[in-house]
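> This is a predicted model, with the sequence first.
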Amino acid sequence: MINKQLASAEEAVADVFDGATIMISGFGEAGSPIELIHALIDHGATNLTVVNNNTGSGEVGLAALIKAKRVSKMICSYPRTANSTVFPKLYRSGETKLELVPQGTLAERIRAGGSGIPAFYTPTSVGTPLGEDKEHRTIHGREFVLEYGLTADFSLIKGRIADTHGNVLYNKTARNFGPLMAMAGNVSIIQAEHIVSPGEIDPEVIITPGIFVNRVVEIQKPAVESELIAAGVSYP
């Protein structure tokens, strides 16, 4: 079996290229891989399309990546949350585009992409602006909208424990989009607080099997987004 552990977050994102599509896990700060995102900022890749539940908070993590003007387009469900100040300004100025997707539809688009399903029909967004200019179909007397699966060049994901083969456990609801994004990423990168040897994780409790993971990096005592924001941190 392949040892997928790398020495640092910087090494893990070193081949991210300009124009890449990147999925980033997290529901707000829960499950947000801040160290991988900051390493990506330092790396310098630009013109990125980012898939996430929201657009970050304060000026750290995803919000810092957007502030650095590395993101040309966001695909998300919640573009503005309580501490979201960076993205709204860039969106209104036209510097960053937005594709707004209902949260359940977003999760299913990612799941479909990772499962090799090119598209699916959903009743969500029928009769709303989000359903305009999309294919509609009536099935069993109910109207549906066609949505396409989502895949990414890279997925950046936060786990709790991983082994060197890439098997991953998450911290409760910090799991959120992580398992789906691991399946949908061409190169899936996990940051975990602890990396253990193969066999140390009970196979019956593994959430993301190593077959969906390409790289793992150990980040002990990962940063907490809300604590950074409260401290007034702005990255870099």
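Everything's here; your move.
> helix or strand for T49, which one?
strand 48-51 (DSSP states H and E).
> so after that strand, what's the next helix or strand?
Criterion used, DSSP H and E; the element after strand 48-51 is helix 61-67.
> Put the alpha carbons of the helix or strand just after that following helix into CSV.
Sequence order places strand 71-76 as the next helix or strand after helix 61-67, per DSSP H and E. Taking C-alpha atoms only, strand 71-76 is exported to CSV below (Å, rounded to 0.1, in the frame of the first residue of the first chain):
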residue,chain,number,x,y,z
VAL,A,71,-10.8,33.2,-6.5
SER,A,72,-12.5,34.2,-9.7
LYS,A,73,-15.7,32.3,-9.0
MET,A,74,-17.5,30.9,-5.9
ILE,A,75,-20.0,28.0,-6.1
CYS,A,76,-21.8,28.0,-2.7
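> which helices and strands does strand 71-76 pack with?
strand 48-51, strand 97-100 (3 or more C-beta pairs under 8 Å, 6 or more residues apart in numbering; DSSP states H and E). For glycine as for every other residue, the C-beta is placed from the backbone atoms N, C-alpha and C.
> list the helices and strands the helix or strand that comes right after the last one packs on?
Scanning forward in sequence from strand 97-100, with DSSP H and E defining helices and strands, the next element found is helix 103-115. Using 3+ C-beta pairs under 8 Å, 6+ apart as the contact definition, the elements that helix 103-115 packs against are strand 119-122, strand 142-148, helix 178-184.
> quick one: average pLDDT of the last one?
Averaged across helix 178-184, the pLDDT comes to 98.
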